[in-house]
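A.B. asks: Next input, structure requested:
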Amino acid sequence: RVQLVESGGGSVQSGGSLSLSCSASESVYKCMAWFRQAPTKEREGLASIDAEGVTTYADSAKGRFTISKDNAKNTLYLQINSLEPEDSAMYYCAAGRDLGGGACTTDYWGQGTQVTVSS
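C.D. replies: Model prediction:
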């Protein structure tokens, strides 16, 4: 059974940084991505990375968010700098097939890791 497990969330003050991780049980994914969802808001796609390491960012994630992966460790990362209270949300990783143009199918999801930013 394919599993994605996020970690690295927590409570930080505004201006701080966090590095989120997503450990995958298999290395067959062609595309992986990070999403977040805050209470009462729709799920928001943040960034994706394909098998060749090409990254794509949503406009809202450009500048402060960095997606990366370590193929040897089957681990996806999301570095978030200059955190703002508006970044408070549950952060999820997803994996699937590469649709091109920075889009992935979301065949598999992790359980999420909570990020809370206080002002």
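
A.B. asks: Give me the secondary structure label for the residue nearest the centre of the chain.
C.D. replies: Residue closest to the mean C-alpha point of the chain, counted by C-alpha atoms, centre = their mean, is residue 34 at 2.5 Å. When classified by DSSP: H, G, I helix; E, B strand; the rest coil, residue 34 comes out as strand.

A.B. asks: Touching, it and residue 44? I think so.
C.D. replies: No: contact criterion C-beta atoms under 8 Å: residue 34 and residue 44 do not qualify, at 9.7 Å. Quick note: C-beta positions are derived from backbone N, CA and C, even for glycine.

A.B. asks: which stretches of this structure form helices?
C.D. replies: Assigned by DSSP state H, the chain shows no helices.

A.B. asks: so where's it shaky on pLDDT?
C.D. replies: Within the chain, the stretches with pLDDT under 70 are 28.

A.B. asks: Could I get the full set of strands for it?
C.D. replies: Taking DSSP state E as the test, the strands found in the chain are 4-7, 10-13, 18-24, 31-37, 44-50, 55-57, 65-70, 75-80, 89-96, 98-100, 103-104, 108-109, 113-118.

A.B. asks: how about the fourth one as PDB, C-alpha atoms only?
C.D. replies: In this case it means strand 31-37. In PDB, the C-alpha atoms belonging to strand 31-37 read as follows (Å, rounded to 0.1, in the frame of the first residue of the first chain):
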ATOM      1  CA  CYS A  31       5.200  14.000 -10.000                       C
ATOM      2  CA  MET A  32       4.800  15.200  -6.500                       C
ATOM      3  CA  ALA A  33       3.200  18.300  -5.100                       C
ATOM      4  CA  TRP A  34       2.300  20.300  -2.000                       C
ATOM      5  CA  PHE A  35      -1.100  21.600  -1.100                       C
ATOM      6  CA  ARG A  36      -2.500  23.400   1.900                       C
ATOM      7  CA  GLN A  37      -6.000  23.900   3.300                       C
END
